[in-house]
Every structure is written in C-alpha cells, then in structure tokens.
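J.: Sequence isn't available, so here's the structure alone:
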C-alpha cells in the first residue's frame, strides 16, 4: 500500500494544509511551503499500484479473515504504531504520534480525483458555528453547550460526483384567478380557470452527488451549495492533516440520484415562471435529460458528533462557506416546565376574562 507523508524540510516535523493561509504549514517551526512545491509527489500517483510502497508497510497478515473483511492496517513510519481503517480510507492521522498521512494508492490512476475544493475554514470556525447553532435554543440540554461534551470534530474531504446535464422540459399547469367585488346588494366572486403551458431547455453544471456510503446524503445536500469557482486541480497535499475517503458509490450508481435532482430543479425553475395566478397546480410534465460529462471531486466538510442519552447526534459544516446544519435534542424536563408555565399563564388569563364577563352579565 502506498502512503505519503509530508515532512518539514527544516525540522522534519509533519506539515499539513492550513485553510487560513492556503499553504502547507509546520506547527513545530512555523515553516510555510507552497502547495504547488509538492506537485512532484502527485505526479507519481499515476504510476502507483496497490502493492507499491513509499516508506510505509502494509500489515494485517495476522488478522483473522472475518476481522480483515473491509479493513486495512498500516504501520506508521514515524512511530511504528498501527493505523486501522476501512478499505475506503484515503487520508488520516496516526492515532499515536498524530502524523498526518495520505494513502496515495486510494487516489492513484483511475481513482485520482479531477478536482478538490481546499478547506477555507478551520476547526475553530467549526466550533464557533456550533455555538451559534446552539444560541437561543432554550430547550437544549445544558450539557450540549459545553465543548468538552463533543465526541469528535474532524475535517473530512468527502468524495462527490459532479454531473452535467441538459433538460428538455414541457410542463402543463392548471391555474386559477379569483376576483372579489360588491355592490349595495351582493358580494361577488369570479373564478377564472386557465390551462398554462411551459416549454424550454435548461442546463445543469456539476450537480453534486455524495459518493460515500459512510456520510448521510441528506446531511451533505443540506450544506450545499459548494462554489466550484474555488475548485482546483487535485493535489494530495491538500489532504494532509484531514480525513478523506475514496468513493465507494460509483458514478453509474449515482446517475439515478443526479437525474432526480436535475428533474426536481427543472420543475422548480419552471414553476417560478407561472405568475399572476391565485393558485397553480402542476397537471403534467415531460422532462427529457441529455447526459453530459461527469467529474470526480473531493469537497471539504467539518463533521462534529456528540451523544445524549444513548443517541448520537451528527452535525456538518460546509468547509468552504460555513453553512452549518444538524438536529438538536430536546430537554424534556425543560420542555415540561416551559409548557406548564405557558399553560398556567393561559389558564389564569381565561379565569380573569371569565370573571370580567360575569360581572357585566
């Protein structure tokens, strides 16, 4: 198994990609190195095979067959500790010495991504975003507001397929207009019905589809959009200091979801052109998709997780834009107290109103 480690040329310490400077930084001597200076290491990826090694050793022979199912074990060149992960693992850090490593064979040859959006926001921004997410949530358990309660905070490059498509769209709608007026004798209502037809073409560029089974698709879609103007040609150096997986859901498997997203988006766009009516109901639609190209990209995501009363809660932040999402638990005791307080005030108000009415009857 081929792995890459990035070492500082000045002190030999492990260097990693820094979102703030967009450079490779050594946390030990503060040396800074341009990402492009490491491009030569990537040029070797097209010639890397699974059995090749670059200063690292593939282990795992002593594991039982059922234990090794879907797993790989690596030996850290810096400290000798074992790194265990699933077979899609592409970038991680040694749990013993913290040395960031990139498993280059997971991104070599035909597995090499076309694009990567480097992280623009770091761990500190992710923690700040979580605190903002908590703000004003009066029924949130107090323990959630304590950062030490977090089980894990990690930056992950998630594999995505980016689909291009053109759509020929024909949609029919039933629509109504309603008019009201009155004279000295009557109130009038006039309802006019219409058959509305829309036809046209629309193009979609780089529809993102999550290529990892380990990450919830709905969670990934909720932190969109990713702005592809910031995408650059893939270099493994961007992965140093972060986690990354290669795709385990192929492009062919992702086409159905890409088609669904394209059709739903087309319907939404065309619906916005039907204006001036009181009510619009889709009647029939015919959307023909013409597939374009597809590209493979790694996109930056911060994943935060915590637990409460035996249930795990996962949050996600777009590592480029800072958009933050995630469900929060409800403190049942606080909710009960709040409900009784509101209900008690309402009941008291009703009693007072009833007494006032009774006095004037």
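T.: Yep, it's here. Everything numeric in this text was worked out from a predicted model, so none of it was measured.
J.: strand partners of the helix or strand containing residue 306, parallel vs antiparallel please.
T.: Here residue 306 sits within strand 279-308, counting by DSSP states H and E. Sheet pairing of strand 279-308 (DSSP bridges) gives strand 115-116 (parallel), strand 152-182 (antiparallel), strand 311-318 (antiparallel).
J.: Tell me the spacing between residue 114 and residue 156.
T.: From residue 114 across to residue 156, the span is 19 Å (Cβ to Cβ, to the nearest Å). For glycine as for every other residue, the C-beta is placed from the backbone atoms N, C-alpha and C.
J.: swap that for residue 313, please
T.: For residue 313, the distance to residue 156 equals 17 Å [Cβ to Cβ].
J.: about what we covered before: identify each buried residue in the strand holding residue 306, please.
T.: 280, 287, 289, 294-304, 306, 308 (16 or more other Cβ atoms under 10 Å).
J.: ok, so of the residues you listed, who is nearest residue 102?
T.: residue 298 (11.4 Å; Cβ to Cβ).
J.: related to what we said a few turns ago, and the strands paired with strand 279-308 as CSV, adding mean pLDDT?
T.: Listed next are the strands paired with strand 279-308 as CSV, based on pLDDT from 0 to 100:
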stretch, mean pLDDT
strand 115-116, 94
strand 152-182, 94
strand 311-318, 89
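J.: which residues does residue 326 contact?
T.: Residue 326 is in contact with 133, 219, 304, 313, 314, 315, 316, counting by Cβ atoms under 8 Å, 6 or more residues apart in numbering.
J.: Go through the one helix or strand the second one maps to and flag the buried ones.
T.: So that's residue 219. According to DSSP H and E, residue 219 maps onto helix 217-222. By 16+ other Cβ under 10 Å, the buried positions in helix 217-222 come out as 219, 220.
J.: what does stretch 205-219 give?
T.: 206, 207, 208, 209, 210, 211, 212, 215, 219.
J.: Stretch 228-245 now?
T.: Under 16+ other Cβ under 10 Å, the buried positions of stretch 228-245 are 228, 231, 234-245.
J.: Specify which member of those is nearest to residue 20.
T.: Residue 20 has its nearest neighbour among the buried residues of stretch 228-245 in residue 241, at 12.5 Å by Cβ to Cβ.
J.: circling back to that earlier point, name only those of the contacts of residue 326 that count as buried.
T.: Buried members of the contacts of residue 326, scored by 16+ other Cβ under 10 Å, are 133, 219, 304, 314, 315, 316.
J.: what's the second one in contact with, if anything?
T.: With contacts defined as Cβ under 8 Å, 6+ apart, residue 219 is in contact with 314, 316, 325, 326.
J.: Is it possible to get a markdown table of those that adds distance to residue 176?
T.: Below are those laid out as a markdown table (distance: Cβ to Cβ, whole Å):
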| residue | distance to residue 176 |
| --- | --- |
| 314 | 44 |
| 316 | 41 |
| 325 | 37 |
| 326 | 41 |
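J.: wait, which of these is closest to residue 275?
T.: Closest approach to residue 275 among those (Cβ to Cβ): residue 325, at 30.9 Å.
J.: Next up, the contacts around the closest one.
T.: So residue 325 contacts 219, 222, 223, 315, 316, 317 (Cβ under 8 Å, 6+ apart).
J.: Where does the record place the domain boundaries for the protein?
T.: Here the domain parsing of the chain from automatic domain parsing is 4-112, 123-330, 331-361.
J.: Lowest-scoring secondary structure element of the chain by mean pLDDT?
T.: Counting by mean pLDDT, DSSP states H and E, the chain has its least confident helix or strand at strand 57-59, which shows a mean of 35.
J.: Settle this for me: residue 179 is touching residue 189, isn't it.
T.: Yes - the pair residue 179 / residue 189 is scored as a contact, 7.4 Å apart, by Cβ atoms under 8 Å.
J.: quick one: secondary structure of residue 262?
T.: helix (DSSP: H, G, I helix; E, B strand; the rest coil).
J.: Read off the pLDDT value for it.
T.: Listed pLDDT for residue 262 reads 94.
J.: thought residue 247 was touching residue 159?
T.: Yes - Residue 247 lies in contact with residue 159 (Cβ under 8 Å); the separation is 4.0 Å.
J.: who touches both of these two?
T.: Any residue near both residue 247 and residue 159 by Cβ under 8 Å, 6+ apart counts here, and that gives 211, 212, 296.
J.: will you turn these into JSON lines that also has distance to residue 200 and pLDDT?
T.: Listed next are the shared contacts of residue 247 and residue 159 as JSON lines, based on distance: Cβ to Cβ, whole Å; pLDDT from 0 to 100:
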{"residue": "211", "distance to residue 200": "31", "pLDDT": "93"}
{"residue": "212", "distance to residue 200": "35", "pLDDT": "91"}
{"residue": "296", "distance to residue 200": "31", "pLDDT": "94"}
